[in-house]
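Enquirer: can't give you the sequence, but here's the structure:
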């Protein structure tokens, strides 16, 4: 990850300390190269970050994670291109410059419809919902699953969160996924 001109503008920085020491995770800076002339930077404008976690070379899988795009770049070509590049890197064969993974996973809160829709637009298939998958930080009043916690719960003041699981596997990638991603990446605005 390169130098960041204005660290206050990007919410992904707190995740950096959790990601860097974990060899199963990687975080990439996302730049909008169409803004090179506007910014005077040949890389363009820093637009956010994307990465993957839970990567396993033994099991040939990874999870798309930390998709954080600055509001200025949301609903533009930036998100599709960032996700598309990550999918090419993970699912293309090594002979094509990729890792040759068999499975890429996307997880999101059922309340985050935009995230689920972005994954589906890029070819991911919904596999199901993990109920009570996460314990949210105490004091967080939004994002829970809306269900009552049981009496005596060790974290009775913390909401529970469900998680939608979507996947894009190598056979889907070759059958339709790659073409769908290429089409999404062709968008320039």
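Expert: Thanks, I have the structure now. All of these numbers come straight from a predicted model, not from anything done at the bench.

Enquirer: name the SS class of residue 173, please.
Expert: What DSSP: H, G, I helix; E, B strand; the rest coil gives for residue 173 is helix.

Enquirer: tell me how far it lies from residue 181.
Expert: 8 Å (Cβ to Cβ, to the nearest Å). In short, each C-beta sits where N, CA and C put it, glycine included.

Enquirer: which neighbours do these two share?
Expert: 87, 123 (Cβ atoms under 8 Å, 6 or more residues apart in numbering).

Enquirer: number of nearby residues for the closest residue to residue 79 other than its chain neighbours?
Expert: Using Cβ to Cβ, 6 or more residues apart in numbering and skipping residues adjacent in sequence, the residue nearest residue 79 is residue 69, 5.2 Å away. Neighbourhood size, residue 69 [other Cβ atoms under 10 Å]: 21.

Enquirer: what comes into contact with the longest helix along the chain?
Expert: If you go by DSSP state H, the chain has its longest helix at helix 77-91. Helix 77-91 has contacts (Cβ under 8 Å, 6+ apart) with 28, 30, 32, 34, 47-48, 50-52, 62, 64, 67, 69, 73, 97-101, 104, 118, 121-123, 168, 170, 173, 177-178, 181-182, 184-185, 187-189.

Enquirer: can you tell me which of those residues are buried?
Expert: The neighbour-count test (16 or more other Cβ atoms under 10 Å) applied to the contacts of helix 77-91 identifies 28, 30, 32, 47-48, 50-52, 62, 64, 67, 69, 73, 99, 101, 104, 118, 122-123, 168, 170, 173, 177-178, 181, 184-185 as buried.
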